[in-house]
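# this one's sequence-less:
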DNA sequence: ATGAAAGCGCTAACAA
DNA sequence: TTGTTAGCGCTTTCAT
């Protein structure tokens, strides 16, 4: 089945290929082609099931109409929402979204960007990369627009959640939910999960420490257990923590829903009394947390806001790389301490 | 920054453009180019940061190296796992995965396929479409390989979960978990959520009915409440069911994690005694269900298996459209009736 | 108001 | 063993 081209259409309509092209890509008004001609050609094109070859167009125009999104993984509440939102927004703009995951692997990231460049994507959105600036530089060299999401870069503009503020608000809420004096949480409130090298995690740790220091007087390094996102790893970490009766957690801030999955397994095995007294927070939102046996206080990132601002940054690029902050929302579990409708931290 | 092409490389190396091309795309052995020449050219290419323009290559070869996956949504446990698995598998094969979501909207599906065709993707995988055969026909006309995932088509080959078997196994497990005679569930076991027009849902309903009929003697139409995937809708549906004291559910099979999110809100408000006696099943797996207040029996689909078989079908296309079945796994919540490691239905 | 022609960067016959 | 050449399907001056 030979695909139909503008030349076929030219023959069919008696017009020239360039006229057909113009009529079909919207530039015909500018070329002062008669409206009748345009309509007629479009009609015949439709009739024959003509479809522009976007590779040819892309080659010629040296842009593809593709918008790329780089993610670490799909199978995570935060990132899958991000992908969803990106997809919707890109489509709304007549772009074709192309999303790829890199497993947080620097080599794969590199490779992925090269691929995107090779396909002449018009823009690259980076959400969760080990070295965003390296990606930005590659994009720069290739003349591609590049925006960082949820991680700041010094080379390209970024839109990020207020991770520090969000974590601080979460920690505050945890202190408030805790039954007893703040001092009881000294050395007994922990942060578990996440990659310290990740900017977002770093900021969350900082926000956590701020609050813990202010409310208990100090925050020991041992209270930060950011040993990755892997559920199994964080489960082990939690296990270790609860195994030591003198330092067992009375409050636990879990960083990411992925780590949360793991930690939850450990919580489920705790004695009822200990469980009862424990305050649990989760940075990132999973709809099921509301119905767990334990009340969970969560921070929910404004995914749509992040994506919206990212495209905004693309539309009107600031003279210098900018960093736009989007505030997240604090949410409590059904029977928790905080307004379930969410309050801005 | 003018991008470097094989012609630049030809000048730089003193070879011809076609030699350069061959050295860079792997066909050089077939063209009996000296190994030294090949190495040298590759070195110079690397040195100059050369990157093949995949649009040009695609135009020439009339294939792009892109593999498309059509999903209804990203933000769902099943589909995000599917996307993840697809991404990994496609990359492993040197293809560039391009995933798009269509919101189960026929028009958007149509539009999406057209876009994919226009970009000359080499293959289209359809997971969750309202009219898979229409998509297959479009692909056929454009000469694209097309595989259906989790829904059967008559035009293209399909790989599907054993939805009927899975739902039957789930229903059986629910009867077994129920405290009391099967007869107590007559008219009191319901299926909630899903789109009856969806093939998968249809099959699950059939499997459910099989078991309910066998164990209670009958299955009324009122016991099937497949009113879509929207959490809000399914919550309303559940609400209605529980509001009627004479027919309030004693067992509830929820179809999809998305619908489950909604139903859970209603369950959380039930009186403790009623909750205690209720048996809940969920078709599709969410890691957090294990830790809910209610024990949940789940069916987990073999996402990797589905994707693996789909690519297999692509590699060795059967003479006639085939349907490959991949069995799902039955999983119990932590304190449920079924082996938590999963048993094959 | 429209057509002719060149060329985007690459590959694949066909020559040599 | 390598070079020459002719496109892939489209856009875009430049002519008319």
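In hand now; what should we look at? Keep in mind the model is a prediction, meaning the values are calculated, not measured.
# Starting from residue A:83, give me the distance back to the residue of the stretch 101-250 of chain A found nearest DNA strand D.
Using Cβ to the nearest atom of the strand, residue A:120 is the residue of the stretch 101-250 of chain A that sits closest to DNA strand D, at 12.3 Å. Placement of C-beta: from N, CA and C, glycine included. Computed as Cβ to Cβ, to the nearest Å, the residue A:120 to residue A:83 distance reads 22 Å.
# Settle it for me: which of those two has more neighbours?
When residue A:120 and residue A:83 are compared for neighbours, residue A:83 comes out ahead with 28 against 23, by other Cβ atoms under 10 Å in any protein chain shown.
# Burial check on the closest residue to that one other than its chain neighbours, number of neighbours?
Take residue A:83 and drop its neighbours on the chain: the residue closest to it by Cβ to Cβ, 6 or more residues apart in numbering or on different chains is residue B:74, 4.4 Å away. Residue B:74 has 26 neighbours, counted by other Cβ under 10 Å.
# can you give me the strands in chain A?
Taking DSSP state E to define them, one finds strands in chain A at A:66-71, A:96-101, A:123-127, A:145-149, A:157-161, A:189-192, A:224-225, A:251-255, A:279-283, A:296-300, A:323-326, A:329-332.
# Nearest approach to chain B belongs to which of these?
For chain B, the closest of the strands of chain A is strand A:96-101, at 4.5 Å, according to Cβ to the nearest Cβ.
# Show me what the closest one is in contact with.
The contact list for strand A:96-101, computed with Cβ atoms under 8 Å, 6 or more residues apart in numbering or on different chains, reads A:64-74, A:83, A:86-87, A:90-91, A:112, A:115-116, A:119, A:121, B:83-84, B:87-88, B:91, B:96-100, B:115, B:119.
# before we move on, what about stretch A:146-158?
Stretch A:146-158 is contacted by residues A:82, A:123-129, A:132-133, A:135-137, A:139-140, A:159-161, A:198-200, A:301, A:306-307, A:310, A:313-314, A:317-318, A:321-324 when judged by Cβ under 8 Å, 6+ apart.
# one step back: what does the pLDDT read for the residue of the stretch 101-250 of chain A closest to DNA strand D?
pLDDT, residue A:120: 90.
# go on, residue A:339?
Here, the pLDDT recorded for residue A:339 equals 40.
# same check, this time on residue A:21
For residue A:21, the pLDDT comes out at 94.
# in the stretch 1-150 of chain A, which spans are helices?
Assigned by DSSP state H, counting those that start in this stretch, the stretch 1-150 of chain A shows helices spanning A:6-13, A:17-25, A:35-47, A:54-61, A:77-92, A:106-118, A:132-142.
# Stretch A:265-281 vs chain B: in contact?
Yes: using Cβ under 8 Å from any Cβ of the partner chain, stretch A:265-281 reaches chain B at A:265, A:267-268.
# Just the endpoints, please. Distance across that stretch?
The straight-line separation of the ends of stretch A:265-281 (Cα to Cα, to the nearest Å) is 15 Å.
# mean confidence for that stretch?
Taken as a whole, stretch A:265-281 carries a mean pLDDT of 89.
# Might one say that residue A:188 is in contact with residue A:251?
Yes: contact between residue A:188 and residue A:251 holds when scored by Cβ atoms under 8 Å: they sit 6.7 Å apart.
# Compare neighbour counts for the two and give me the winner.
Using other Cβ under 10 Å as the criterion, residue A:188 and residue A:251 rank with residue A:251 on top: 23 against 19.
# Report the separation between the more buried one and DNA strand D.
Distance of residue A:251 to DNA strand D, given as Cβ to the nearest atom of the strand, to the nearest Å: 60 Å.
# which residues does that residue bridge with?
Per DSSP bridges, the residues bridged to residue A:251 are residue A:189, residue A:279.
# Could I get the contacting residues of it?
By Cβ under 8 Å, 6+ apart, the contact list for residue A:251 reads A:174-175, A:178, A:185, A:188-190, A:278-281.
# Which one of the residues you listed is nearest to DNA strand C?
The shortest approach to DNA strand C among the contacts of residue A:251 belongs to residue A:281, at 51.2 Å (Cβ to the nearest atom of the strand).
# wait, doesn't that closest one sit right on residue A:175?
No: when contacts are counted by Cβ under 8 Å, residue A:281 is not listed as touching residue A:175 (10.2 Å).
# Can you mark which positions in stretch A:14-25 are buried?
Applying a neighbour-count criterion of 16 or more other Cβ atoms under 10 Å in any protein chain shown, one finds A:15, A:19-24 buried in stretch A:14-25.
# Quick one: residues in contact with it.
Stretch A:14-25 is contacted by residues A:6-7, A:9-10, A:13, A:28, A:30-31, A:33, A:37-38, A:41-42, A:45, A:50, A:52, A:57 when judged by Cβ under 8 Å, 6+ apart.
# near DNA strand C too, which of the residues you listed?
Applying Cβ under 7 Å from any atom of the strand to these, one finds that A:31, A:33, A:37 fall near DNA strand C.
# Buried subset of the residues you listed, written for PyMOL?
Selection of buried members from these for PyMOL, criterion 16+ other Cβ under 10 Å:
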select buried, chain A and resi 33+37
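# Contacting DNA strand D as well, which ones from the ones next to DNA strand C among the contacts of stretch A:14-25?
For DNA strand D, the contacts drawn from these by Cβ under 7 Å from any atom of the strand are residue A:31.
# Could you dump the ones next to DNA strand C among the contacts of stretch A:14-25 into JSON lines and include distance to residue B:108 and pLDDT?
Below are those laid out as JSON lines (distance: Cβ to Cβ, whole Å; pLDDT from 0 to 100):
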{"residue": "A:31", "distance to residue B:108": "32", "pLDDT": "87"}
{"residue": "A:33", "distance to residue B:108": "31", "pLDDT": "91"}
{"residue": "A:37", "distance to residue B:108": "31", "pLDDT": "91"}
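# In JSON lines: the ones next to DNA strand C among the contacts of stretch A:14-25, plus distance to residue A:170.
Shown next, in JSON lines, are these (distance: Cβ to Cβ, whole Å):
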{"residue": "A:31", "distance to residue A:170": "58"}
{"residue": "A:33", "distance to residue A:170": "60"}
{"residue": "A:37", "distance to residue A:170": "63"}
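# Now residue A:321: closest residue in space, sequence neighbours ignored.
Nearest in space to residue A:321, with sequence neighbours left out and distances taken as Cβ to Cβ, 6+ apart, is residue A:157 at 4.9 Å.
# Look up how far residue A:311 lies from the one you found.
On the measure of Cβ to Cβ, residue A:157 and residue A:311 end up 11 Å apart.
# More neighbours: the two, which one.
residue A:157 (23 against 19).
# Give the bridge partners for the more buried one, please.
Applying DSSP bridges to residue A:157 gives these bridge partners: residue A:147.
# same check, this time on the one 4 residues further on
When bridges are assigned using DSSP bridges, the partners listed for residue A:161 are residue A:326.
# Surely it and residue A:301 touch.
Yes: using Cβ under 8 Å, residue A:161 is in contact with residue A:301, at 4.8 Å.
# so what sits against both of the two?
A:150, A:326, A:328.
# where's the residue nearest to residue A:309 when sequence neighbours are not counted relative to residue A:197, distance?
Distances taken as Cβ to Cβ, 6+ apart place residue A:159 nearest to residue A:309, at 4.3 Å, with adjacent residues excluded. Here the distance between residue A:159 and residue A:197 works out to 20 Å (Cβ to Cβ).
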